[in-house]
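**Q** Quick one, structure for this:
(chains A and B)
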Amino acid sequence: MKPALSVIFFTVASGAGYGLWCLLGLAIATGIYPLTGTGVLVPLGFGFVLVSAGLLASTAHLGRPERAWRALSQWRSSWLSREGIASLVTYLPMLAVAWFAFTRHAGMSLHVAGAVLALCALATILCTANIYRSLKTIAAWRTRQVLPLYFMFALLSGGLWLWAWLALTTGLAISLAFPLALLGLAIVAAVIKVDHWKCVDTLPVNTAGHATGLDMLGHVRAFEGPVTEESYLTREMAFVLARKHGARLRRIALALFGLAPALGIAVALASDTAWLAPVAALAAIAGLFVERWLFFAEARHTVAAFFPPTQA
Amino acid sequence: MTSLPAPAKKKLGLVIDLDICVGCHACAVACKEWNDGGDFGPLPDDDPYGAEPHGVWFNRVHTYEVLPQAPATSYASTTPRTHNPHPAPAAQDHPLDSMGLQQPAPLIESRVPQMVHFPRSCLHCETPDCVTVCPTGASYKRAEDGIVLVDEDKCIGCQLCAWACPYGAREIALPHPKAATSDAGRKDSKRGTMQKCTLCVDRIYNETLDERDRQPACVMACPTRARMFGDLGDPDSDVSKVVAERGGFALMPEFGYQPVNRYLPPRPRRDGSEAAATASVPAEEALDTAQLPPLLRWLDKALSR
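**A** You can find the predicted model right below:
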């Protein structure tokens, strides 16, 4: 699949935003969040920037972005429609938390708003992952690792930003459990991602004989494509560039979203250097951009089998 | 509404005979021509006369080379198709020589490849994901005859339906990224929306056309009548009968989309091995000199010295 920059930015940035909102909401709901007022508003606002920038970028992938509102109508059957609704609904508990933080309200309703925010953010991540998982034509997106990875990457990248905010304002000593949990998450996500890549590499590749049903006659070779030039299908769904540099890009992604945050957390905690926290968060985001680029570029679409290898 | 309608009795679709398609692309051109001007047009191209012409076609003709693996006689068109994506190697029934040892398999290259021309367009599936993934309701299946269409006024061009289709039936009308300059099509209202085969819904019910012409443009144009249009939901229709008779098959049924269109398999060809064998040994031409007139008999004798 052709990796569209708009969709990569959307899934990475809004994923981080929803992950941040989810953990912030959870911390507020359980009452363990150490800050109030601006201490809530700043990470909440940063999540707002990530989520909104991602959603706006996703409309750049549309042929008719001015009609994006129409995507809210088919929630009964379409995960993209559900994602659109969930993403907008999540703004409501976010605004509630923001209002309570702004007015320094600290009652039960703040806890409830935090819990609802966490749940809505999780639901949106679920919908985003299912947009891709629902496509039967792209086997690489239907493996068992895809859904947990979307959740883990959102919580890891968002969590690192939340931790960076806490580290810079309250210092590193206030909580050890949160950064250590993030460290564990980075390692687990890296292991599952490696497993996913292994799985993708062993998926059967569709053949021209199977696609056309002509394999009942013998060995089938695509002799000529329908046109000499490339078409929408060959550009969009027969993208092969990534597999050339796949191994190297995988190592870069793994180092940035797995190794760098894990090392960053360990060194920051050991040496009490708070500025390593935002560096770890930035590295994770960069690594996830590479990971998401590969998620698209390495995924083979069934339709590519119809075309001669020179076109596909 | 992108939820699928209840299954309709009427299933309009195409039957494509791969045995007699000659790969002339007339169906594709006729389709492009009609749909450039019909209710769903225009279908403008980017850079149509330049170095990299690019545009939407509802119908495209591929060409495949098939090397028979098993002896051609083992294939019968009436045999029901199996849909195994990884078929087991064809059974090798090599003759045993006098020592009881298996003789080497004939080289696959010695077989004559068969060219199959393969028109590819929307199969108007009964339960397609291209309809259900659509977030706007623009992609829909008609309850009355099963035709799958895109409402161009609702489509936002997210392309998820094209991603969901394993048959490559949908193409979006976007300007070619490399085309620096484009024709007026860039400003066209249809640009930015998904395009697909309409089964010429603006022809088949068009009462301003002669009744004989109320067929899809591709069917009308085919010079070998390799394309047939009809109701595949009616077992007594001509198309259903030919599908039953010739063992018509659906493409990649494992997706569960239940394509309506059917392809008729090529009939078995002589594999050419006999012709090749005779060609390799030049035939001895018998000449009965006794039958020749005296002059030629003398000439034959003189030249044979």
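
**Q** Which of the three states applies to the nearest residue to A:Gly258 once chain neighbours are set aside?
**A** Take A:Gly258 and drop its neighbours on the chain: the residue closest to it by C-beta to C-beta, 6 or more residues apart in numbering or on different chains is A:Ala190, 3.2 Å away. Where you see a C-beta, it was placed from the backbone N, CA and C, and this is true even at glycine. The three-state label given to A:Ala190 by DSSP: H, G, I helix; E, B strand; the rest coil is helix.

**Q** Can you give me every residue that contacts A:Ala190?
**A** By C-beta atoms under 8 Å, 6 or more residues apart in numbering or on different chains, the contact set of A:Ala190 is A:254, A:257-259.

**Q** With respect to chain B, which of the residues you listed is nearest?
**A** Within the contacts of A:Ala190, proximity to chain B (C-beta to the nearest C-beta) peaks at A:Phe257, which comes in at 25.3 Å.

**Q** Per-residue pLDDT of residue 178, please?
**A** Went with chain A since none was named. According to the per-residue confidence, A:Phe178 scores 95 in pLDDT.

**Q** Correction: the question concerned chain B.
**A** We have a pLDDT of 55 for B:Lys178.

**Q** ditto for A:Trp69
**A** So A:Trp69 comes in at 94 (pLDDT).

**Q** Based on its surroundings, how many neighbours for it?
**A** A:Trp69 is flanked by 11 other residues according to other C-beta atoms under 10 Å in any protein chain shown.

**Q** follow-up on the earlier one: got a winner among the contacts of A:Ala190 for most neighbours?
**A** Neighbour max across the contacts of A:Ala190 (other C-beta under 10 Å) = A:Phe257, 28 neighbours.

**Q** my guess is that one meets A:Ala283, correct?
**A** Yes. Using C-beta atoms under 8 Å as the test, A:Phe257 is close enough to A:Ala283 to be in contact (7.4 Å).

**Q** show me what contacts B:Cys200?
**A** Applying C-beta under 8 Å, 6+ apart as the definition, the contact partners of B:Cys200 turn out to be B:34-35, B:38, B:215-218.

**Q** what would those look like in a markdown table with neighbour count and secondary structure?
**A** Converted to a markdown table, these look like this (neighbours: other C-beta atoms under 10 Å in any protein chain shown; DSSP: H, G, I helix; E, B strand; the rest coil):
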| residue | neighbour count | secondary structure |
| --- | --- | --- |
| B:Trp34 | 23 | helix |
| B:Asn35 | 25 | helix |
| B:Gly38 | 18 | coil |
| B:Gln215 | 20 | coil |
| B:Pro216 | 27 | coil |
| B:Ala217 | 23 | helix |
| B:Cys218 | 27 | helix |
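
**Q** Now narrow the residues you listed to whatever sits close to chain A.
**A** Intersecting the contacts of B:Cys200 with the contacts of chain A gives an empty set (criterion: C-beta under 8 Å from any C-beta of the partner chain).

**Q** Mind picking the two most distant members of these?
**A** Taking every pair in the contacts of B:Cys200 and measuring C-beta to C-beta, the maximum separation is 14.3 Å, between B:Asn35 and B:Gln215.

**Q** Surely B:Arg246 and B:Leu264 touch.
**A** Yes. In terms of C-beta under 8 Å, B:Arg246 counts as a neighbour of B:Leu264; the distance is 4.5 Å.

**Q** Overlap in contacts, these two.
**A** Shared between the contact lists of B:Arg246 and B:Leu264 (criterion: C-beta under 8 Å, 6+ apart) are residues B:Asp17.

**Q** Who has more neighbours out of the two?
**A** Taking other C-beta under 10 Å, B:Arg246 and B:Leu264 do not tie; B:Leu264 has more neighbours (22 against 19).

**Q** Residues in a beta bridge with that one, which ones?
**A** B:Asp17 (DSSP bridges).

**Q** lowest-confidence helix or strand of chain B?
**A** Every helix and strand of chain B was ranked by mean pLDDT, DSSP states H and E. The lowest is helix B:273-280, at a mean of 55.

**Q** Contacts for the next helix-or-strand element following it next, please.
**A** Proceeding N to C from helix B:273-280, the next assigned helix or strand is helix B:294-304, under DSSP states H and E. The set of residues external to helix B:294-304 that reach it, using C-beta under 8 Å, 6+ apart, is B:287, B:289-290, B:292.

**Q** Most neighbours among those residues, please name it.
**A** Neighbour-wise, these (other C-beta under 10 Å) top out at B:Leu292, 14 neighbours.

**Q** Give me the number of neighbouring residues for the closest residue to that residue other than its chain neighbours.
**A** By the measure of C-beta to C-beta, 6+ apart, the closest residue to B:Leu292 outside its immediate chain neighbours is B:Asp300, 6.5 Å from it. Using other C-beta under 10 Å, B:Asp300 has 12 other residues around it.

**Q** Just the pLDDT for B:Asp300.
**A** For B:Asp300, the predicted pLDDT is 84.

**Q** if I look at it, how far off is B:Glu211?
**A** The gap separating B:Asp300 from B:Glu211 is 69 Å, by C-beta to C-beta, to the nearest Å.

**Q** So which bits of the stretch 151-300 of chain A are right by chain B?
**A** Proximity of the stretch 151-300 of chain A to chain B, by C-beta under 8 Å from any C-beta, involves residues A:204, A:206-208, A:210-227, A:229-233, A:235-237.

**Q** Report the buried members of those.
**A** A:206-208, A:210-227, A:230-233, A:236-237 (16 or more other C-beta atoms under 10 Å in any protein chain shown).

**Q** Which ones among these map onto helices?
**A** Using DSSP state H, A:208, A:210-212, A:232-233, A:236-237 are the members of these that sit in helices.

**Q** got CSV for these, with pLDDT and distance to B:Arg269 too?
**A** Output for these, formatted as CSV (pLDDT from 0 to 100; distance: C-beta to C-beta, whole Å):
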residue, pLDDT, distance to B:Arg269
A:Ala208, 96, 19
A:His210, 96, 21
A:Ala211, 97, 21
A:Thr212, 97, 17
A:Tyr232, 91, 34
A:Leu233, 92, 30
A:Glu236, 89, 36
A:Met237, 88, 32
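
**Q** Same list, these, but as a markdown table with distance to A:Gly37 please.
**A** Putting those into a markdown table (distance: C-beta to C-beta, whole Å) gives the following:
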| residue | distance to A:Gly37 |
| --- | --- |
| A:Ala208 | 63 |
| A:His210 | 62 |
| A:Ala211 | 60 |
| A:Thr212 | 65 |
| A:Tyr232 | 52 |
| A:Leu233 | 54 |
| A:Glu236 | 48 |
| A:Met237 | 50 |
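
**Q** still on that earlier bit, of all the contacts of helix B:294-304, which two lie farthest apart?
**A** With distances taken as C-beta to C-beta, the most widely separated pair in the contacts of helix B:294-304 is B:Leu287 and B:Ala290, at 9.9 Å.

**Q** Tell me the residues that contact both of those two, please.
**A** Contact criterion C-beta under 8 Å, 6+ apart; no residue bridges B:Leu287 and B:Ala290 by contacting each.

**Q** give me the residue from the stretch 151-300 of chain B nearest chain A.
**A** As assessed by C-beta to the nearest C-beta, chain A sits closest to B:Gly157 within the stretch 151-300 of chain B, at 2.0 Å.

**Q** Make sure that residue is indeed in a strand.
**A** No. Counting by three-state DSSP, B:Gly157 is not found in a strand; it is coil.

**Q** And the pLDDT at it?
**A** In the predicted model, B:Gly157 carries a pLDDT score of 94.

**Q** swap in A:Gln311?
**A** We note a pLDDT of 58 for A:Gln311 in this prediction.

**Q** again with A:Thr30
**A** Confidence score, pLDDT, at A:Thr30: 95.

**Q** Quick one: neighbours of it, just the number.
**A** Applying other C-beta under 10 Å, we find 12 residues neighbouring A:Thr30.

**Q** likewise the one 10 residues further on?
**A** Neighbour count for A:Val40, taken as other C-beta under 10 Å: 22.

**Q** residue ranges with poor pLDDT in the stretch 151-300 of chain A?
**A** When residues are selected by pLDDT under 70, those of the stretch 151-300 of chain A lie in A:241-242.
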